[in-house]
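Chemist: With the input below, show me the fold.
(one chain, ligands or ions: 1)
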Amino acid sequence: MLDRLSIDVFNSGYKQVPGGPGWDDRSPATWPASTSTLIAGDTQAVLVDALMTTVEGERLATWVRDSAKQLRAVFVTHGHADHFFGAGPVLAAFPDRLADLAGRPAADGAAPGPLGVYHCGYHHEDSFGATSYLVVRPGGNVLVDSPRYAAPLVKRIEALGGVRTLFLTHQDDVADHDKWHKHFGCERVLHAADVGAGTREVERPIQGTEAVRLDDELTVIPTPGHTRGSACLLLGEQFLFTGDHLAWSERRGQIVGFRDACWYDWGTLVESTRRLLPRRFSWLLPGHGRRCHFEAGEMARQMQRCVAWMESVAR
Ligand SMILES: [Zn+2]
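Modeler: Coordinates of the predicted model:
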C-alpha cells in the first residue's frame, strides 16, 4: 500500500552551443535547460525523461542512485533527443547489486562487483512488473524470474558471466523466459503444476511438494498457494526468493502473503509458509512488494509472526 509520493527534479542547466550566423557573441548562446523528474514512493521510483548528453545521463544516474530508490521505469514523454538520449547511463546502472554473497548489503554507491545478488531492473509488463534478480556466483549464475529481454541488460548480464539457471517462481512471472533460454542456453526450472502452453519446454519441471536440491547452494522449495505451482528458491542460508508467495508489508510492519492476490488456495499458502519455518535465511526477496533483511534469528521470529497472522486471517 502506497503511503506517500515525493517528486524531485533534476535540472541539467543551460548548455553552451555555437551561436550560428548573425548571433551577437557578447551573450553566450545556450541550449535550454532540460529536466528529469523522479516520482518516488517509500522505496521505488519512476523517472520522467532522461536528458540529452552522456555526461548529463551519468550525472542523472548518480542522482537517481543517491536517492536510494529502486528505479522501476523511465517514462519518456516524447521522442525528442533532450528527453531520452541521456537514458543510456541510467539504464546501464542495472543490474544493480543489492548484497554480496555473505549477505551484507552492498556499500552505497559501490560499483556492481562480480559476485552478489542483483536487482535486474527492466521489469516486464507481461509479469505484472515483477522484480527479477540475478545471482552472480562461482557455481553458475542464476536468474530468478524473467526481466525484459532488452539488449543493454543482456550485455550487462553477459559481462557478469551469463545465466546457467533460470528459476521461475511461478507461472505469472515467466515473461521472456524463452528468449533468455535461447541466448544463454540456461536450464529453466519451474514447478510442473505451473507449466502451461508457453512453458512446456522447460528443462526441469519440479514435481510434488518436497524440496529439491539443484546443487550444494540452491534448493527449490515448492510453496503452493498463490498458484498451484508456486515455489521459492533458497540460496545458501542467506537468500529466499519468494516470487508472489511472501513479501514485507510496510503497512503491517511484517512479512505477509497476498490474501487478495491468492489465485489457488489460501489454506494451502498458509501451510506452505509453515513448512518454511525450519529454513534459515536472512534476506527475503519477493517479485512484488518489499524485500526485507534481518539477521537469521530475527528473520525466524518474523516468519513465526507471519504464520501467526496468516492463521488469523479468514480463509
Ligand atoms: Zn503471481
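Chemist: Show me how this protein divides into domains.
Modeler: Here the domain assignment for the chain is 6-14+30-91, 96-312, based on automatic domain parsing.
Chemist: What's the end-to-end length of the shortest one?
Modeler: Distance between the two ends of domain 6-14+30-91: 22 Å, counting by C-alpha to C-alpha, to the nearest Å.
Chemist: So for that domain, mean pLDDT?
Modeler: Averaged over domain 6-14+30-91, pLDDT sits at 90.
Chemist: Could you tell me how many residues sit around residue 155?
Modeler: Using other C-beta atoms under 10 Å, residue 155 has 11 other residues around it. Using the backbone N, CA and C atoms, a C-beta is placed for each residue, glycine as well.
Chemist: start at 287 instead
Modeler: All right, first residue 287 from here; so that's residue 441.
Chemist: At the contact with the ion, which residues of the stretch 387-536 of the chain appear?
Modeler: By C-beta under 5 Å from the ion, the part of the stretch 387-536 of the chain that sits against the ion consists of 458, 530.
Chemist: Would you agree residue 295 is in contact with residue 321?
Modeler: Yes - if you go by C-beta atoms under 8 Å, residue 295 and residue 321 touch, sitting 5.3 Å apart.
Chemist: more neighbours, these two?
Modeler: Between residue 295 and residue 321, counted using other C-beta under 10 Å, residue 321 has the larger neighbour count: 14 against 9.
Chemist: can you pull the contacts of that one?
Modeler: By C-beta atoms under 8 Å, 6 or more residues apart in numbering, residue 321 lies in contact with 295-298, 335.
Chemist: Which two of those have the greatest separation?
Modeler: Spanning the widest gap among the contacts of residue 321 are 297 and 335, at 11.7 Å by C-beta to C-beta.
Chemist: intersection of neighbour lists for these two?
Modeler: By C-beta under 8 Å, 6+ apart, residue 297 and residue 335 have these common neighbours: 320-321.
Chemist: higher neighbour count, the two?
Modeler: residue 335 (22 against 10).
Chemist: who's in contact with that one?
Modeler: For residue 335, the contact set (C-beta under 8 Å, 6+ apart) comprises 320-323, 360-363, 369-370.
Chemist: Out of those residues, give me the one that has the most neighbours.
Modeler: residue 322 leads the contacts of residue 335 on contacts (other C-beta under 10 Å) with 25 neighbours.
Chemist: Can you say which helix or strand has it in it?
Modeler: strand 321-326 (DSSP states H and E).
Chemist: Can you list the low-confidence ranges for this structure?
Modeler: 287-289, 388-399, 601 (pLDDT under 70).
Chemist: Good, we can wrap up now.
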